[in-house]
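Engineer: Next one to model:
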Amino acid sequence: MRRTVCLLLLAVLFACGKSGPKEEKIYAVKGTIVARDAAENMLRVNHEAIPGYMEAMTMDYTVRGAKVTELPPDSSKVEGKLHVTDEGAWLTDVKKMP
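Structural biologist: A predicted model of the protein is given here:
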């Protein structure tokens, strides 16, 4: 009996502690690079409104998949993908707009 109670308690604790998959939303973003922080691999982007997510504003975003020193220079108009989860947001696929 004691063993059964312990196993049930462990099962409940495991089920409660297990988090489900993190939902990730991806938005297209267009804006202008204002500044960069190479040490943090971060861009400050003055971006247009992102429909369904946020209004136009200037924000700092971590960049994944590229080094900010290799991206287009400051004042360049760029586009990319904004990834958003409950734990944060980051940019990928940052490219100079034609």
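Engineer: drop to CA atoms for contacts and neighbour counts, all remaining ones
Structural biologist: Noted.
Engineer: which residues touch residue 26?
Structural biologist: Residue 26 sits next to 81-84 when contact means C-alpha atoms under 8 Å, 6 or more residues apart in numbering.
Engineer: ok, and the closest non-adjacent residue to residue 36?
Structural biologist: Ranked by C-alpha to C-alpha, 6 or more residues apart in numbering and with sequence neighbours excluded, the top spatial neighbour of residue 36 is residue 43, at 4.4 Å.
Engineer: Okay, and the beta partners of that neighbour?
Structural biologist: Residue 43 has these beta-bridge partners by DSSP bridges: residue 36, residue 61.
Engineer: Next, find the distance separating it from residue 22.
Structural biologist: 24 Å (C-alpha to C-alpha, to the nearest Å).
Engineer: Export only the CA atoms of stretch 34-48, formatted as PDB.
Structural biologist: C-alpha atoms of stretch 34-48 as PDB (Å, rounded to 0.1, in the frame of the first residue of the first chain):
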ATOM      1  CA  VAL A  34      19.300  51.700 -35.500                       C
ATOM      2  CA  ALA A  35      22.200  50.100 -33.600                       C
ATOM      3  CA  ARG A  36      23.900  46.800 -32.700                       C
ATOM      4  CA  ASP A  37      25.500  45.200 -29.700                       C
ATOM      5  CA  ALA A  38      28.100  42.600 -30.900                       C
ATOM      6  CA  ALA A  39      28.800  41.300 -27.400                       C
ATOM      7  CA  GLU A  40      25.100  40.400 -26.900                       C
ATOM      8  CA  ASN A  41      24.500  39.600 -30.600                       C
ATOM      9  CA  MET A  42      21.600  42.100 -30.500                       C
ATOM     10  CA  LEU A  43      20.100  44.600 -32.900                       C
ATOM     11  CA  ARG A  44      18.000  47.700 -32.100                       C
ATOM     12  CA  VAL A  45      15.400  47.900 -34.800                       C
ATOM     13  CA  ASN A  46      12.900  50.600 -35.500                       C
ATOM     14  CA  HIS A  47      10.200  48.400 -37.000                       C
ATOM     15  CA  GLU A  48       6.900  48.900 -38.700                       C
END
